[in-house]
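S.K.: structure for this input, please:
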Amino acid sequence: MLLFAEEQSCSSEKAKSVLFGFLPILTWLPSYPVKEYLFGDIVSGISTGVMQLPQVISLMIGGVAVREAPDTMFAVNGTNASLVVDFQARDARRVEVVVALTTLVGIIQFVLGLLRFGFLAIYLTEPLVRGFTTAAAVHVSVSQIKYLLGVHIPRFNGPLSVVYSLDAVFRNIASTNLITLIIGLVCTVFLYFIKDLNERFKKKLPVPIPGEIIVVIVSTGISYGMVMSENYGVEVVGKIPTGLLPPKIPDFSVFPNLLADAFAIAVVGFSIAISLAKIFALKHGYSVDGNQELIALGLCNFTSSFFHTFAVTASMSRSLVQESTGGHTEIAGFLASILVLLVVVAIGFVFQPLPTTVLAAIIMVNLLGMFKQMKDIPALWRTSKIELAIWLVSFFASVLLGLDYGLVVAMSFAIITVIYRTQCPKNALLGQIPDTGLYFDVDEYEEAEECSGVKIFQSNTSIYFANSDLYVSALKEKTGIDPAQLVTSRNSQLKYAKRDTGKKAANHCTPVKKTSVVLLDVEMGVTHQVVAGPKKPMDHVYTNGQITENQTESESEDEFFLQRLTPVHTIILDFTPVNFIDSVGAKTIKSVIKEFATVDVKVVLAGCSRTLLSDLRTLKFFCEPVTPDLVFPTIHDAVLHCKRSRDVPVRPDVQ
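M.R.: Coordinates of the predicted model:
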C-alpha cells in the first residue's frame, strides 16, 4: 500500500508539472500581490488598450488575403474594364481566407511547440532581430504613404513590393489630395509632440497622455461635422461592423493554398514574440521558454480563429508602453483586451468618419522608435563587423524580398557567419607565466614565455570537416614547422652530402669497415640504417635529439638523418576550446601526429573534455601509433612531461 501511495504521488506531481507547463498563469495567479501590482497593471492595461484602438492589419496576412481574393474575382458582370467590385462579397471572402490562415498558423505553432522547436530562437540574434524589425517598419511605412497623401494605387506583395509601391506613389503623386495631406501632417506633428512630452515626463505622469485616442476622437468629430468624405474627397474608414460574429468552422478547402504562407507567418510571428520576450527577460532577470511561447501562440491563434480573428504576435511599441507604465503581469494585457473588446462591441460605429490619413499618421509616428535602430549601424561598425553584416543583411533582405523570405535569408546568413567564425578563429602560441601553471598568448602577454623546445598551439574553434585543413595550416604557420619542407630541405642537404662523399671516396680508396647500426621507430614512420666510418673531433653533434660533447663527426651520408631538423621536440595542442570533433577532424589530427613524427617532433593533446574524449574513442582515434598516453588533462601537465626531454638546438644549416 505504501508503494502504491508513493507511485500515485509521483504521478500527481508529474501531472501538475505538465499542467503548469501549459498554463504558467496557475503558478503565480494564486499568490498575486494585489496591493503591490494591481494599480500598476490597471494603469498599464488602460494605456496599452488605448494604443490598440487604431490597429492596422498585418502586411503578410493582408497580402495573402488580397492574393486569394483579388478585386478581379468580384468584378461586377465579370469584367475588368469598369472595375466595379462587389466589396461586400470580396471582404467576406477575405475574412474566410484570413480565418483559415489563422487556424493553420495556430496548428503549426502548436505542433512546433510540442516538437520542441523553440530552439530556433537561438538563431535570432539581436542584430538580426533589430534589422528585421527595422525592415518591417519600412514595409508598414511605405504601405501607409498612399493613405497619408490620399492617392489611389494598387497593393503590391512579394519580393520588391516596396520598390513597386514607391514607384507607384511617385507616378501618382500629382493626384495628391491636399486636404488629406494637411490633416495627416497636422496629426503627425501633434502625435510627435505628445510622445516627446510623455518621454520627458514619464516619471511624473501617472498615465501617458493618450495622444492616439485624442487624435482619433478629434479628427473623427471634425470629419463627421464637415462631411469631409463627400465635400473634400477625404478617404475615411467607412462602415465598421460592431459586435461579435458567431463561432464558425474555418474553410478547410483553402488550406493547401495557404500552407507555405501559414508556415512563414507562424515562424515570423514567433520570431517577433520571442525576440521581444528575450529583451524584457534580460532586462528584468527572468528566463523565457521558446517552446512555451510557441504553444501559447498556437493555442491563442487556433482557438480565436473560430471567432473570426487573424493571427497575432507581440507588438514592440505596446510592449514598451505596458512596461513603462507599470505593468507587471498578464493582468495588464487582460485589461487591455477587455478595453478593446468593449470598443468593438459597443462604440466601433463611432469611428466610421475617421480619415484614413489619421491612422497612417498614428502608425508612422509609432514606428519612429523602430527607425531609431538605424543607430545600431555605426555602433556595430566600431564593435563587430560580423554583427553589422548580420544587421544589414537582415534589413535589406527583408525590405527587398519581403518579411518571410527576408527572415529565411537573414537566419541562413547568421548560420553562415557561425561557420565562417569556425573557419577563421583566433590562433595563438601560448607561453607560461613564470612560476605558475598559467599559459597565455605570447603576443598579448609580455610575461608569457615560451617553453624551450615546446610549442603550445591554441585555436579557438572546434575541429570538423569544414575547418580541419585550415587548422593544420594555422598550426604549421604558427609553430613555424612544416614537416614536408623540412624533409625536402634534408633531402637537398643529403644530395650535396652524397656528392661530397663521392669526391672524398675517389681521393681515399682505402676501404673503411662499417660497424654500428641505428634503427629509429618504425611505427613513427622514420627508419634509417647508419654505419660508422672515419671520424673526426666535433664539439656538438645533434644525434637522436641528444647533445654529446667532444664526439667525432662521421663522414657517412646516412648519419645526416640523425641530426635534428628543428629545435622543437614537442608540440602541445590545447583542446580546451574544442567543443566537438567529427571523423574528418579526428583523422586530420591523427595525420598531423604522424606527419610531425617524421621530423622527430612529438605531438600531444591537452585539455580535452570528457565529452570530447568520448567522441575520440567512438571515432577510434586511439590506435597505433596514437595512444591515450598522448593526452594530458591540462597544458601544465603536458609541459612538465615534455620537459623531461632535453632541449636540443637546431642544426644551423637546416633551418
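S.K.: not counting sequence-adjacent ones, nearest residue to the residue most central in space within the chain?
M.R.: Nearest to the geometric centre of the chain sits residue 123, at 3.2 Å (CA atoms, centre = their mean). Excluding the flanking residues, the one nearest residue 123 by CB to CB, 6 or more residues apart in numbering is residue 411, at 5.2 Å. To be clear about C-beta, it is placed using only N, CA and C from the backbone, and glycine gets the same treatment.
S.K.: do the same with residue 399
M.R.: residue 135 (4.6 Å).
S.K.: for residue 307, same thing?
M.R.: Nearest non-adjacent residue to residue 307 (CB to CB, 6+ apart): residue 247, at 5.7 Å.
S.K.: the one you found contacts residue 306, correct?
M.R.: Yes. Residue 247 lies in contact with residue 306 (CB atoms under 8 Å); the separation is 4.8 Å.
S.K.: wait, the residue nearest to the centre of the chain sits on residue 415?
M.R.: Yes. Between residue 123 and residue 415 there is a contact under CB under 8 Å: 6.6 Å.
S.K.: coming back round to it: who has more neighbours, residue 247 and residue 306?
M.R.: residue 306 (16 against 9; other CB atoms under 10 Å).
S.K.: backbone phi and psi for the more buried one, please?
M.R.: phi -70, psi -10 (degrees, to the nearest 10).
S.K.: for residue 494, see how far away it is.
M.R.: 87 Å (CB to CB, to the nearest Å).
S.K.: over to residue 297?
M.R.: Distance of residue 297 to residue 494, given as CB to CB: 73 Å.
S.K.: higher neighbour count, these two?
M.R.: Each of residue 297 and residue 494 has its neighbours counted (other CB under 10 Å); residue 297 has more, 26 against 15.
S.K.: contacting residues around the more buried one?
M.R.: Contacts for residue 297 (CB atoms under 8 Å, 6 or more residues apart in numbering) come out as 106, 109, 113, 269-270, 273, 312-313.
S.K.: just to revisit the earlier point, pLDDT at the residue nearest to residue 399, what is it?
M.R.: The model reports residue 135 with a pLDDT of 88.
S.K.: buried ones in stretch 440-449, by neighbour count?
M.R.: The neighbour-count check on stretch 440-449 (16 or more other CB atoms under 10 Å) flags 440, 442, 448 as buried.
S.K.: who does the helix ranked longest in the chain touch, helix- and strand-wise?
M.R.: Once the chain is assigned using DSSP state H, the helix that runs over the most residues is helix 255-284. When contacts are defined as 3 or more CB pairs under 8 Å, 6 or more residues apart in numbering; DSSP states H and E, helix 255-284 sits against helix 59-68, helix 87-114, helix 126-149, helix 290-305, helix 316-324, helix 403-423.
S.K.: between those, which gets the lowest average pLDDT?
M.R.: Minimum mean pLDDT among the helices and strands packed on helix 255-284: helix 316-324, a mean of 65.
S.K.: off-centre distance for the helix or strand just after that one?
M.R.: Later in the chain than helix 316-324, the nearest helix or strand by DSSP states H and E is helix 330-342. When distances are taken as CA atoms, centre = their mean, to the nearest Å, helix 330-342 is centred 33 Å away from the chain's centroid.
S.K.: averaged pLDDT, helix 330-342. What do you get?
M.R.: Averaging pLDDT along helix 330-342 yields 77.
S.K.: buried set for it?
M.R.: For helix 330-342, by 16+ other CB under 10 Å, it's 331-333, 335-336, 339-340.
S.K.: switch the residues you listed over to JSON lines; also include distance to residue 578.
M.R.: As requested, these are arranged in JSON lines below (distance: CB to CB, whole Å):
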{"residue": "331", "distance to residue 578": "49"}
{"residue": "332", "distance to residue 578": "47"}
{"residue": "333", "distance to residue 578": "46"}
{"residue": "335", "distance to residue 578": "53"}
{"residue": "336", "distance to residue 578": "50"}
{"residue": "339", "distance to residue 578": "56"}
{"residue": "340", "distance to residue 578": "54"}
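S.K.: state the pair within those that is farthest apart.
M.R.: 331 and 340 (15.2 Å; CB to CB).
S.K.: circling back: quick one, the longest helix of the chain and helix 126-149 angle?
M.R.: Relative orientation of helix 255-284 versus helix 126-149 (axes from the mean of the first three to the mean of the last three CA atoms, to 10 degrees): 120 degrees.
S.K.: you'd agree residue 623 is in a helix?
M.R.: No. Secondary structure assignment (DSSP: H, G, I helix; E, B strand; the rest coil) places residue 623 in coil, not in a helix.
S.K.: any idea how far residue 400 is from the residue nearest to the centre of the chain?
M.R.: Counting by CB to CB, the gap from residue 123 to residue 400 is 21 Å.
S.K.: same deal with residue 186?
M.R.: Using CB to CB, residue 186 is found at 33 Å from residue 400.
S.K.: which stretches in the stretch 551-655 of the chain count as helices?
M.R.: In the stretch 551-655 of the chain, the helices defined using DSSP state H, counting those that start in this stretch lie at 583-597, 610-618, 635-642.
S.K.: want to try TSV for those helices, with distance to residue 166 as columns?
M.R.: Output for these, formatted as TSV (distance: least, CB to CB, whole Å):
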stretch	distance to residue 166
helix 583-597	49
helix 610-618	53
helix 635-642	60
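S.K.: now tabulate those in TSV and tack on mean pLDDT and distance to residue 215.
M.R.: Listed next are the helices of the stretch 551-655 of the chain as TSV, based on pLDDT from 0 to 100; distance: least, CB to CB, whole Å:
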stretch	mean pLDDT	distance to residue 215
helix 583-597	92	62
helix 610-618	91	60
helix 635-642	90	67
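S.K.: tell me which of the ones you listed sits nearest to residue 351.
M.R.: helix 610-618 (61.4 Å).
S.K.: what's the angle between the closest one and helix 583-597?
M.R.: 80 degrees.
S.K.: name the residues of helix 610-618 that are buried.
M.R.: For helix 610-618, the neighbour count (16+ other CB under 10 Å) marks 612-613, 615-616 as buried.
S.K.: check the offset of it from the chain's centre.
M.R.: 28 Å.
S.K.: helices or strands up against it?
M.R.: Helices and strands in packing contact with helix 610-618 are not found; criterion 3+ CB pairs under 8 Å, 6+ apart.
S.K.: which residues are contacting that helix?
M.R.: Here helix 610-618 has contacts from 575, 578-581, 586, 608, 622, 631, using CB under 8 Å, 6+ apart.
S.K.: ok, residue 255 - how many residues close by?
M.R.: 15.
S.K.: wait, what's in contact with it?
M.R.: Contact analysis of residue 255 by CB under 8 Å, 6+ apart lists 100, 104.
S.K.: ok, now with 10 Å
M.R.: 100-101, 103-104, 107, 262 (CB atoms under 10 Å, 6 or more residues apart in numbering).
S.K.: could I get these in a markdown table, plus columns for neighbour count and distance to residue 372?
M.R.: Converted to a markdown table, the contacts of residue 255 look like this (neighbours: other CB atoms under 10 Å; distance: CB to CB, whole Å):
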| residue | neighbour count | distance to residue 372 |
| --- | --- | --- |
| 100 | 23 | 37 |
| 101 | 28 | 32 |
| 103 | 25 | 36 |
| 104 | 25 | 35 |
| 107 | 17 | 37 |
| 262 | 25 | 32 |
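S.K.: what is the nearest of those to residue 292?
M.R.: residue 107 (17.2 Å).
S.K.: picking up where we left off before, SS state for the residue nearest to residue 307?
M.R.: Residue 247 ends up coil, using three-state DSSP.
S.K.: would you quantify the distance from it to residue 334?
M.R.: Applying CB to CB, the value for residue 247 to residue 334 is 21 Å.
S.K.: residue 233 is in contact with residue 151, isn't it?
M.R.: No. Residue 233 lies out of contact with residue 151 (CB atoms under 10 Å); the separation is 11.5 Å.
S.K.: which residues do those two both contact?
M.R.: Common neighbours of residue 233 and residue 151 (CB under 10 Å, 6+ apart) are 177, 180.
S.K.: more neighbours: these two, which one.
M.R.: With other CB under 10 Å as the criterion, residue 233 and residue 151 differ in neighbour count, and residue 151 comes out ahead with 21 against 11.
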